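Enquirer: Build me a model:
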Amino acid sequence: AAAEAGAASAAAADEAGAEDEAAAGADVDTNIVAVVLSADGATAVTAHNSKTLCVWRVADGACVARRRMPKKPSSLLSARLPAAQAAVEPLAVTEVVLVGDKTGDVHALPLPQVDAVAAPALLLGHTASVITALVPSTDGALLVSADRDEKVRVSPFPSAHCVTAYCLGLTSFVTSLAVM
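Expert: Residues are numbered from 1 along each chain as shown. Purely as a prediction, here's the structure:
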């Protein structure tokens, strides 16, 4: 009877472990909506339809950090902070990942430790419209963002709450941006 109880207990533990593994994998689905590489190419960030960001070490494919976002991500950008800004950051980071979401907000998280801060920093917001594209200017001083409401917004980076310029009057939503 003791052997049967032990076997039943082991089987229940195996089932619970399988359920825990399934639950752990459930927060990262295979529906990737955006991918970005860090400036040095050592890490990649994926945004998933399940509101999850994963940071991957490119060398071995290991997931080194994971974070659940408050809203579904729609676009990603890896950006270097200006040296003066990086010096005053609490984590002393020089690179951040910018996450545009389906409600029109763009948040910043330190890269590669996206799970190191309690809440992502809100950089800017497009009024209730899906962020479709994010791109920096060639010198990194400006952030250009686009949304599904035919708007392109140009803001200084990292103080993106100020708007430098808008590009209005487009006839359909913007799906991608390029700065030349």
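Enquirer: contacts and neighbour counts: CA atoms only from here.
Expert: Will do.
Enquirer: Distance of His48 relative to Glu150?
Expert: Plainly put, His48 is 24 Å away from Glu150 if you go by C-alpha to C-alpha, to the nearest Å.
Enquirer: make that Val45, sorry
Expert: Val45 sits 27 Å away from Glu150, taking C-alpha to C-alpha as the criterion.
Enquirer: likewise His107?
Expert: Distance from His107 to Glu150, by C-alpha to C-alpha: 21 Å.
Enquirer: same question, Leu123
Expert: On the measure of C-alpha to C-alpha, Leu123 and Glu150 end up 20 Å apart.
Enquirer: Same question for Gly125.
Expert: 15 Å.
Enquirer: Who has more neighbours out of the two?
Expert: Gly125 (20 against 16; other C-alpha atoms under 10 Å).
Enquirer: ok, the closest residue in space to that one that isn't next to it in sequence - contacts?
Expert: Leaving out its chain neighbours, the residue that sits closest to Gly125 by C-alpha to C-alpha, 6 or more residues apart in numbering is Asp105, at 4.2 Å. Asp105 is in contact with Leu122, Leu123, Leu124, Gly125, His126, Ile131, counting by C-alpha atoms under 8 Å, 6 or more residues apart in numbering.
Enquirer: switch the cut-off to 10 Å
Expert: Contact analysis of Asp105 by C-alpha atoms under 10 Å, 6 or more residues apart in numbering lists 71, 73, 99, 122-131.
Enquirer: From those, pick the one nearest Asp29.
Expert: Pro73 (13.1 Å; C-alpha to C-alpha).
Enquirer: is it true that Thr164 touches Ser145?
Expert: No: applying C-alpha atoms under 10 Å as the test, Thr164 and Ser145 come out as separate, 11.7 Å apart.
Enquirer: overlap in contacts of these two?
Expert: Between them, Thr164 and Ser145 share the contacting residues Arg153, Val154, Ser155, judged by C-alpha under 10 Å, 6+ apart.
Enquirer: What are the boundaries of the strands in this structure?
Expert: 32-37, 43-48, 52-57, 62-68, 73-80, 95-101, 105-110, 121-125, 131-136, 142-147, 152-156, 165-167 (DSSP state E).
Enquirer: Which other helices and strands does the first one contact?
Expert: Packing partners of strand 32-37 (3 or more C-alpha pairs under 10 Å, 6 or more residues apart in numbering; DSSP states H and E): strand 43-48, strand 52-57, strand 73-80, strand 95-101.
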